[in-house]
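A.B. asks: pasted the sequence and its predicted model underneath.
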Amino acid sequence: MLLTPWPLHLLERRHPGLPLAVLGEHDRRVLYVNDAASAAGVGVGFRESAALSRCPELHAEVMIGPDAKVAWGELLETLYDRYSDRVEGKAQGVAFLNGSLPAAREIAAALHAQVGVAESLEVAHLAALKVGPGEMRELRAEEEKTYLPFSSTGHLHVLGLTRDHVERLLFLGVRGLADLMKWSATQRQAFLGVDIGKRVNRFLKGERTTAVSRYTPLATIDERLAFDGTLMEPGEMAAALDDIVPPLYAELRGRTAAYLTVHADTLGGRLSHTRKLKWPIQASGIQRLILYDLLEQEALKIGVDALTVSLSGLQQPSRQIGLWPGPGELDAVREVLERFPSALVRVEWRNPHALTTDQQYVWVDWLSGAERSRPMDPRPAPEETTPVRSSSIPVPLFEASD
């Protein structure tokens, strides 16, 4: 199943029927445009101001951050709940799952996706690239030998080819997989590199990836509250958050969350925003972020009828306590010291505010605590010794001549 580019598809789901453009997160240049924006003269690489000057009705938004990642995870959850327990979606916009033909047709129609059905992941991906949005193509095993040679060079990224490989092949006049099949295995491996060349050679010999990994559902916490009346004031929303955030925070039970998602149901539709959280997480901080997101999305100006708050990416925090974390830490130290008694040292602070390092701290032996010398330590001055005379009889400095 293909929904590429995923940020643009997500934006089209939220704002159907409008000319749309996806902007870069830092430079705010246009990354993707839909057909309506392209017909109005907006192209990839335009600055936001230039794109709006070409098309004043253009809706431009940044959709390549946590919003796109969380929405992709929600879509995989939907596929897992409705169709199959084996769902794989490592790259946003490309998903593989085990299912029937009726399920494939339903997915293509419901999600307006490009769907390919085959016995292997690579062939299904190539088949999906040949159809349009909302269409499905089934490719049987006996049809692969006839169909695969017609795969264009631009679709060979399915086999691991990079953009540079595709450009170089097009420069050499390689139009598709049929031309690449005329090369020898050694030529393909020398041109594409060892790893990618071996993968292409194995694919042409008939080796395919047929297994779809089992999907692991994401751990999320949701809290929803529908209001009796429409909320339009920040003070009213802050009072409502006092009822939503405490049970949501209590459900964490000491865990950390990677993303905070806020869905506001308004008269104009649902407004959503996702942000990445920083550790440590506090209930007051979550409440401030929710209120800030609602103000940033201007949801309160429209009026909020219901609010849904989600925490996703839950994990149990851990801390590394030393070089050898865990119960075996002392055993590892003991084993090292038994073999190399002078291998480990510790630092002993003397005066952290001193101007020279030799006065700030010293290295001491791990076992005895004796001070260890360092290469940059100043050498001690030699001790002054008093010359010892052999007798107390004075010796003349000059001898008299005869």
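C.D. replies: Perfect, I can see it now.

A.B. asks: what stretches of the stretch 301-402 of the chain score poorly on pLDDT?
C.D. replies: Low-confidence segments of the stretch 301-402 of the chain, defined by pLDDT under 70: 318-331, 374-402.

A.B. asks: same for the longest strand along the chain, what does it pack against?
C.D. replies: For the chain, the longest strand by residue count, based on DSSP state E, is strand 220-231. Where contact means 3 or more Cβ pairs under 8 Å, 6 or more residues apart in numbering; DSSP states H and E, strand 220-231 is packed against helix 234-252, strand 304-312. Glycine gets a C-beta too; all of them are placed from N, C-alpha and C.

A.B. asks: helix or strand with the lowest mean pLDDT in this protein?
C.D. replies: Across the helices and strands of the chain, mean confidence by mean pLDDT, DSSP states H and E is lowest for helix 329-339: a mean of 72.

A.B. asks: backbone dihedrals for the most centrally placed residue in the chain, please?
C.D. replies: Of all residues in the chain, the one closest to the mean position by Cα atoms, centre = their mean is Lys69, 8.5 Å from it. As for Lys69, its main-chain torsions (degrees, to the nearest 10) stand at phi -70, psi -40.

A.B. asks: tell me the spacing between it and Tyr259.
C.D. replies: Distance, Lys69 to Tyr259, using Cβ to Cβ, to the nearest Å: 7 Å.

A.B. asks: pull up the overlap in contacts between these two.
C.D. replies: Shared contacts of Lys69 and Tyr259, defined by Cβ atoms under 8 Å, 6 or more residues apart in numbering, are found at Thr274.

A.B. asks: wait, what's in contact with Ala103?
C.D. replies: 83-84.

A.B. asks: let's see the helix or strand where Asp358 lies as PDB, backbone CA atoms only.
C.D. replies: Following DSSP states H and E, one finds Asp358 within helix 357-360. C-alpha atoms of helix 357-360 as PDB (Å, rounded to 0.1, in the frame of the first residue of the first chain):
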ATOM      1  CA  THR A 357      44.800  21.300  37.200                       C
ATOM      2  CA  ASP A 358      47.400  19.800  39.500                       C
ATOM      3  CA  GLN A 359      45.800  21.800  42.400                       C
ATOM      4  CA  GLN A 360      42.200  20.900  41.500                       C
END
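
A.B. asks: am I right that Phe203 is in contact with Val123?
C.D. replies: No: under the criterion of Cβ atoms under 8 Å, Phe203 makes no contact with Val123, lying 9.3 Å away.

A.B. asks: who has more neighbours, these two?
C.D. replies: A count of neighbours by other Cβ atoms under 10 Å puts Val123 above the other of Phe203 and Val123, at 25 against 19.

A.B. asks: sec struct for that one, please.
C.D. replies: Assigned by DSSP: H, G, I helix; E, B strand; the rest coil, the conformation of Val123 is helix.

A.B. asks: that one and Arg137 touch, don't they?
C.D. replies: No: if you go by Cβ under 8 Å, Val123 and Arg137 don't touch, sitting 10.5 Å apart.

A.B. asks: mind listing what Asn137 touches?
C.D. replies: I think there's a mix-up here, since residue 137 is Arg and not Asn. 115-117, 127-128, 130-131.

A.B. asks: can you tell me how far it is from Val117?
C.D. replies: Applying Cβ to Cβ, the value for Arg137 to Val117 is 7 Å.

A.B. asks: ok, Gly269 next?
C.D. replies: 34 Å.

A.B. asks: who's more crowded, the two?
C.D. replies: Neighbours per residue (other Cβ under 10 Å) separate Gly269 from Val117, with Val117 holding more: 21 against 11.

A.B. asks: so the more buried one sits against Ala104, correct?
C.D. replies: Yes: using Cβ under 8 Å, Val117 is in contact with Ala104, at 5.1 Å.

A.B. asks: residue ranges of the strands in the stretch 251-400 of the chain, please?
C.D. replies: Ranges of strands in the stretch 251-400 of the chain, per DSSP state E, counting those that start in this stretch, are 259-266, 269-276, 304-312, 345-349, 361-365, 371-372.

A.B. asks: I figured His15 hits Glu57, correct?
C.D. replies: No: assessed by Cβ under 8 Å, His15 is found out of contact with Glu57, at 11.0 Å.

A.B. asks: show me the domain layout of the chain.
C.D. replies: Following automatic domain parsing, one finds the domains of the chain at 220-312, 329-372.

A.B. asks: point out the most buried one among those domains.
C.D. replies: Of these, the one with the most neighbours on average (mean count of other Cβ atoms under 10 Å) is domain 220-312, at a mean of 16.

A.B. asks: for that one, measure first residue to last.
C.D. replies: Start and end residues of domain 220-312 are separated by 4 Å (Cα to Cα, to the nearest Å).

A.B. asks: can you say which of the strands of the stretch 251-400 of the chain is nearest to Val33?
C.D. replies: Of all the strands of the stretch 251-400 of the chain, it is strand 269-276 that lies closest to Val33, at 21.5 Å by Cβ to Cβ.

A.B. asks: sheet partners, orientation included, of that closest one?
C.D. replies: Strand 269-276 has the following strand partners under DSSP bridges: strand 259-266 (antiparallel).

A.B. asks: and the contacts of stretch 203-223?
C.D. replies: 73, 76-77, 80, 84-88, 96-98, 119-123, 159, 181, 244-245, 247-248, 251-252, 257, 308-314.

A.B. asks: can you work out which residues contact both of Val123 and Arg137?
C.D. replies: By Cβ under 8 Å, 6+ apart, Val123 and Arg137 have these common neighbours: Gly116.
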